[in-house]
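>>> got a predicted structure here, sequence first:
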Amino acid sequence: MIKVRAFFSSLALLCMLSGCGTIPDMHALLHDRSLYDSHSDLVGPDGELTDQQTERVMLRLEQHQKTPSDILDRHLAFEQGLSDVPLVLGNKVTVLENGAATYQAMLAAIRGAQDNINLQTYTFTDGPVGQMFADALIERQRHGVQVNVEYDSLGSFGTSRSFFDQLRQNGIAVLEYRPVNPFAAKLPWSFSHRNHRKMLVVDGRVAFTGGINISEVYASGPSGSEEKGPLEYWRDTDIEVEGPVVAEFQHAFINEWKYQQGPALGDHNYFPTLDKKGNQIVRVIFSVPERFSLIYVTLVSAIASSQTNIYITDAYFAPDHQMLHALEHAAQRGVDVRLLLPSQTDEPLILAAQHSHYEDLLEAGVKIYEWQGQMLHAKTTTIDGVWSTVGTSNLDWWSIARDNELNAIVLSHSFGDDMNLMFRNDIEGSVQIEADQWKHRGFFERLHETAARIIEPLL
């Protein structure tokens, strides 16, 4: 993602005055015992499971645990008490690593579309990669497929108007999310409330989400081949999802499209009958600033319930004290907590805020690694080898309290194994931060960190 909000730093005051969300009180939520009295609703291809069927599914997951754990029952019941978003069985989730793999899979799905394509992205550039997607979308629209594209005005600020005009002129429905220009926006206008979701749903049968935007920074040329070394392009992670849970992605897109009063979607088969494609349980959760972030609550709950390990990869690490305390407490009770964070970024202030938390985290026993490549942009977490999330949300205040975000929660040992392997491979391209060495950093570095910590709620 090419964040351009730094370009608008003079508008920081507007961010505070334009309807920013809040971060929930996790201490109160985690100690509200009524939230743990509910049970997790599991949904299969044929509808909601009975209590007996649900119990058998959960037992199979727990039997694979290396140590006794209440992570599944505890945090899933907690989530269910906050939201009725279902856990959906029968899905296949495939990890897509970096631009070439993700773009190839997305373009293959687009080119095979028969009825409808819904694309939502934060950044849609007008360079070779963006034009490659535009050409594929236009080709499908000309063959009778309804194509709907939503992009964020701030995230795509550098993209020419003519680029989106070519889509419209070829019959594609295009929606600009909250135009930066207040005179072009519908009231109420908000600079800080952005749509940071990235999602592609094709024919209502396959969905993609994760951190990747449509941009040249991923070094994927028109042929789909990597043109640079593995540390020279942006590192990102996405997933391809097939199965009944795809309907949840479709609902998320259509609900947002209608809420923003986008063009008519037309009479198409957006919700086909979906058969079982695999054995993975998936929940799709999304957040909006008008309500506290269920993504954030879910992650803190899972961290608090962890037993063996927590592996987090995050692009913009500037969390609030509740997330920090949850990570520190987990490490102090013996959980293997590891953070993979960027060593360089397009947001220098967030990097300084990130560094300001190292000393306390290291003292608590958290292991910290910094990616040595050009840019780490992935947003993933795996806990106890069975609970994983991949999506668009970062661990900074902007993401938690001000952006529309979307994450997929995957309950699966095989998927957890894939995620853990990817994490270990990424560590090979990283440097571990040692506590003794970190304490000897320079005065000006500390000063920069202090300044960034003060304004962290704006980041």
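Structure's in. What do you need?

>>> helices or strands next to whatever helix or strand His355 lives in in the packing?
Assessed by DSSP states H and E, His355 sits inside helix 348-356. Applying 3 or more CB pairs under 8 Å, 6 or more residues apart in numbering; DSSP states H and E, we find helix 348-356 packed against strand 336-342, helix 443-454. (Glycine included, C-beta is placed from N, CA and C.)

>>> hmm, 10 Å instead?
Using 3 or more CB pairs under 10 Å, 6 or more residues apart in numbering; DSSP states H and E as the contact test, the elements touching helix 348-356 are strand 336-342, strand 367-371, helix 443-454.

>>> list the buried ones in it?
In terms of neighbour count (16 or more other CB atoms under 10 Å), helix 348-356 has its buried residues at Leu349, Ile350, Leu351, Ala352, Ala353, Gln354, His355, Ser356.

>>> what pairs with the strand of greatest length in the chain, and is each one parallel or antiparallel?
Counting residues, the longest strand found in the chain (DSSP state E) is strand 87-97. Strands flanking strand 87-97 in the sheet, each with its direction: strand 42-44 (parallel), strand 237-242 (antiparallel), strand 280-287 (antiparallel) (DSSP bridges).

>>> the following helix or strand past the first one pairs with which strands, and in what direction?
Which is strand 42-44. For strand 42-44, the following helix or strand on the C-terminal side (DSSP H and E) is strand 47-48. Using DSSP bridges, strand 47-48 pairs in its sheet with strand 42-44 (antiparallel).

>>> stretch 400-414: end-to-end distance?
Taking CA to CA, to the nearest Å, the first and last residues of stretch 400-414 lie 29 Å apart.

>>> do stretch 302-311 as well
Span of stretch 302-311 from end to end, CA to CA: 12 Å.

>>> also stretch 114-123?
Taking CA to CA, stretch 114-123 runs 26 Å from one end to the other.

>>> average pLDDT for it?
Averaged across stretch 114-123, pLDDT comes to 98.

>>> over to stretch 194-211?
Mean predicted lDDT for stretch 194-211 stands at 97.

>>> may I have that stretch as CSV, with CA atoms only?
Extracted as CSV, the C-alpha positions of stretch 194-211 are listed here (Å, rounded to 0.1, in the frame of the first residue of the first chain):
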residue,chain,number,x,y,z
ARG,A,194,-11.1,5.6,4.7
ASN,A,195,-12.0,2.2,3.1
HIS,A,196,-8.8,0.2,3.6
ARG,A,197,-10.3,-3.1,2.6
LYS,A,198,-8.9,-5.2,-0.3
MET,A,199,-11.3,-7.8,-1.7
LEU,A,200,-12.0,-9.5,-5.0
VAL,A,201,-15.1,-11.7,-5.4
VAL,A,202,-15.7,-13.5,-8.7
ASP,A,203,-19.0,-15.0,-9.6
GLY,A,204,-19.8,-15.3,-5.9
ARG,A,205,-17.6,-18.4,-5.9
VAL,A,206,-14.1,-17.4,-5.1
ALA,A,207,-12.8,-14.5,-3.0
PHE,A,208,-9.4,-12.9,-2.3
THR,A,209,-8.3,-10.7,0.5
GLY,A,210,-5.1,-9.6,2.3
GLY,A,211,-2.7,-6.7,2.3
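
>>> please tell me how far that stretch is from the chain's geometric centre.
Stretch 194-211 has its C-alpha centroid displaced from the chain centroid by 10 Å (CA atoms, centre = their mean, to the nearest Å).

>>> how many residues are close by Trp397?
By the criterion of other CB atoms under 10 Å, Trp397 has 23 neighbours.

>>> let me fix that, I meant to ask about Gln280.
The criterion is other CB under 10 Å. On that basis, Gln280 has 24 neighbouring residues.

>>> leaving out sequence neighbours, find the closest residue to it.
Ser412 (4.2 Å; CB to CB, 6 or more residues apart in numbering).

>>> my guess is that neighbour contacts Met419. True?
Yes. Ser412 is within contact range of Met419, at 9.4 Å (criterion: CB atoms under 10 Å).

>>> and these two? which has more neighbours close in?
Using other CB under 10 Å, the more surrounded residue of Ser412 and Met419 is Met419, with 26 against 23.

>>> ok, now which ones touch the more buried one?
When contacts are counted by CB atoms under 10 Å, 6 or more residues apart in numbering, Met419 touches 95, 237, 239, 311, 313, 380-383, 385, 387-390, 410, 412.
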